[in-house]
Every structure is written in C-alpha cells, then in structure tokens.
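**Student:** Give me a 3D structure for the following:
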Amino acid sequence: MDIVTIGEVLIDLTQTGKDERGIPQFAANPGGAPANLAVAASRLGAQTAFIGKVGADAFGRYLKEVLAENKVDVSGMAVDADHPTTMAVVSVDATGERDFSFYRSANADVMLSKEDIPEETLKAAKIVHFGSVSLTADPSRTATLDAAARAKKLGAVITYDPNYRANLWKNKEDAIAQMKAPLPLVDILKVSDEELPLLTGTTDCESGTAQLAQNGIRLIFVTLGANGVFYRFGEKTGHVAGVPCKVGDTNGAGDTFFGAALSKLCKEELDTLTVDKLEGILAFANKAASITTSRHGAIPAMPTLAEVEG
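**Tutor:** Coordinates of the predicted model:
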C-alpha cells in the first residue's frame, strides 16, 4: 500500500446558492481531510487506504461507497452503532473562501480507537498520513498518535497536515499545543501560510520552516494559496509558483495538493530525492490543486491523472 490515511471522513453540507425565496441551498458532499487526501492520491495513481469511523446511517454508507468508488481501500473503515456520522456545514463567500460549522462533539469520527487501527495495515504502508482534526479529542487523539508512533517504528514515512479549524478547539492555546505534539514523529509536513505562525510565531517561511525542521522533519511545504508553495528540504529552500485559475471554491485544495505530492513522493526515497525532482512534483501538485479550486466541492472536484498531465 502506498498511502494509508487515518482520521475523519464526514459530510460537508456545502452551500450551493439560494432559491428564489432566498433560502440557502446545500449539497451533501463527502469530505474530511484524510479521506480527501486518500481520494486525491488514488485518482492520481497511488494505492491508498483509509482508516476512520462512520455512523451506522445513510451518510456513513454513502461515504464508504464514495471512497470505494474512488479505489480507496475501505476495509479499515469502522462503523459505530451508537454515534452518528460527523457533519460540517460549509458556507462559501464570493471569493470562494470557506467557513466551517461542525456537528461533531459526540460523533463517529471522534470515537476511533487504538483497536480500530490494525498493525498489518500500518506494516503494509509506505506512507502513513494524519491531520490535526483527529487530535481535538479522545479516543481519536490517542488512537491517531499511537498509530503514527507504531507506523514510524515499522519504517513508514509519516506525513502530517495540522489543519487548523478554530471552532473545533476549546481555545487557541490548546490547539497549538496539540497540533505541535506530533511534530517529532513527522517526516513530511504540510502547513498553510495561516497555520505557519500558529506553530512557529512567525509568518516568515524561511525562519518558520527552519524552526519546524528542528523537530527532525525532513521535508516541509508551506502552501500559499494562489502563490503556490514554499518548501524546505533539509538545508535547501525554494518556491514553486501556483497555477492561476478562476475560483469555484477552495474546499479540498490543500488536500489535493498534498495528495498529489504524496502520490509521487511515495515512489521516491527521501534520501535520494533531488531538488529538481521535488520541484517537478510540486508543480504537478500545484496544478492538481488549481483544478480542484476551479470547481465546487472537495472530492467531487478532484482531478484525474489525465487531467493534471494534459
């Protein structure tokens, strides 16, 4: 297995407009950053699997079907009979930027336990990926950190996206502490330009990533929206320009970028990766993210390999 992702899969109730009476209209899109990444990488040629928990309800069945249709291995998806599938309401403004409201305090994704994450799945993975939404509460926090530590010992490359959603945390201080906790386990990190100062206290990509690299992180990406991506690879840093597009919405763009990058990096060894090869991979990932941004929704908007290479 190239990439195993661990964490939340949920329904994004995304605003699509208003009817003639001015009542907001919503579409039930599949979402959740680790699930999004699994689909993005799968569509771009990687073998992926997703581990997470859904409710025993129509939304849970739908999410499992969507991942399976996108050739994501869902044998590690658990079903919780006592807690419903998680939902987020996503409002989109005129520029395509998103605002999230989560319905999650006692929902299925938070109930992921250590026992839900089998050793054999971690052992088979080249890359094990997770995000910070899994770290907001137990048991999913303990399960995710335990799985990352186990996978690291088994030789997997650990990738992490500290995907900050303010309204999922008690306060910013707690969020920062929990988002920083996994950093010593991480080999490849993706942060947005909004998350970099949360983790480092600076908006400067050069000094911020140098600070993060002190945790032993070998490869760091700072996504810059339309401006592309800044990277740090050991002592080397650089920037790869974004691909302009007309924005549909930005939902899933970061997950597409990281999924696209990992779909290529899972076939490389970090010890022998060159800067030229890395910049080619990042240009590919920027194009994939641009295509997603030009459309609506997260998973429904993600491109195929033919679209990115075309």
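**Student:** Now Gln221: closest residue in space that isn't a chain neighbour?
**Tutor:** Just to correct that, residue 221 is Phe rather than Gln. Lys190 (4.6 Å; C-beta to C-beta, 6 or more residues apart in numbering). Yep, even glycine has a C-beta here, placed from its N, CA and C like the rest.
**Student:** hmm, who's touching the helix or strand harbouring that neighbour?
**Tutor:** Element membership for Lys190 (DSSP states H and E) is strand 188-192. Outside strand 188-192, the residues that touch it by C-beta atoms under 8 Å, 6 or more residues apart in numbering are 127, 157-162, 164, 183, 199, 212, 217-223, 225, 254, 257-258, 261-262, 265, 270.
**Student:** so who does Pro84 touch?
**Tutor:** Residues in contact with Pro84, defined by C-beta under 8 Å, 6+ apart, are 55, 57, 59, 107-108.
**Student:** Can you tell me which of those residues end up in helices?
**Tutor:** Secondary structure assignment (DSSP state H) places Phe59 from these within helices.
**Student:** from the contacts of Pro84, which ones fall inside strands?
**Tutor:** Among those, the ones falling in strands (DSSP state E) are Gly55.
**Student:** So, low pLDDT: which residues of this protein?
**Tutor:** 96, 98 (pLDDT under 70).
**Student:** who's in contact with the spatially most central residue of it?
**Tutor:** A centroid search over the chain (C-alpha atoms, centre = their mean) returns Ala33, at 3.7 Å, as the residue closest to the centre. For Ala33, the contact set (C-beta under 8 Å, 6+ apart) comprises 7-8, 131, 133, 161, 163, 254-255.
**Student:** returning to what we had before: which SSE is immediately downstream of the strand holding Lys190?
**Tutor:** Once the chain leaves strand 188-192, the next helix or strand it forms, by DSSP H and E, is helix 196-200.
**Student:** That next one: which residues count as buried?
**Tutor:** Of the residues in helix 196-200, those scored as buried under the neighbour-count criterion (16 or more other C-beta atoms under 10 Å) are 196, 198-200.
**Student:** can the residues you listed go into JSON lines with extra columns for distance to Asp249?
**Tutor:** What follows is the buried residues of helix 196-200, written out as JSON lines (distance: C-beta to C-beta, whole Å):
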{"residue": "Leu196", "distance to Asp249": "23"}
{"residue": "Leu198", "distance to Asp249": "23"}
{"residue": "Leu199", "distance to Asp249": "26"}
{"residue": "Thr200", "distance to Asp249": "28"}
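**Student:** ok, so of these, who is nearest Ala285?
**Tutor:** Leu196 (17.9 Å; C-beta to C-beta).
**Student:** Find the residue closest to that closest one in space, skipping its chain neighbours.
**Tutor:** For Leu196, ignoring the flanking residues on the chain, the nearest one in space by C-beta to C-beta, 6+ apart is Gly208 at 4.7 Å.
**Student:** and the one you found, helix, strand or coil?
**Tutor:** Following DSSP: H, G, I helix; E, B strand; the rest coil, we place Gly208 in the helix state.
**Student:** OK, contacts around the residue nearest to Pro303 when sequence neighbours are not counted?
**Tutor:** In space, not counting the residues next to it along the chain, Pro303 is nearest to Ile291; the distance is 4.2 Å by C-beta to C-beta, 6+ apart. Ile291 makes contacts with 245, 256, 301-303, 307-308, as judged by C-beta under 8 Å, 6+ apart.
**Student:** Go through those residues and give me the one with the most neighbours.
**Tutor:** Thr256 (32 neighbours; other C-beta atoms under 10 Å).
**Student:** Let me know whether my guess that that one is in a helix holds.
**Tutor:** Yes. Residue assignment for Thr256, taken from three-state DSSP, places it within a helix.
**Student:** distance of it from Ala143?
**Tutor:** Using C-beta to C-beta, to the nearest Å, we find Thr256 at a distance of 26 Å from Ala143.
**Student:** Equivalent analysis for Ala35, please.
**Tutor:** For Ala35, the distance to Ala143 under the criterion C-beta to C-beta works out to 16 Å.
**Student:** From the chain's centroid, how far away is the strand holding Lys190?
**Tutor:** 10 Å (C-alpha atoms, centre = their mean, to the nearest Å).
**Student:** please renumber so the chain begins at 58
**Tutor:** Taking 58 as the first residue, the last one we looked at is strand 245-249.
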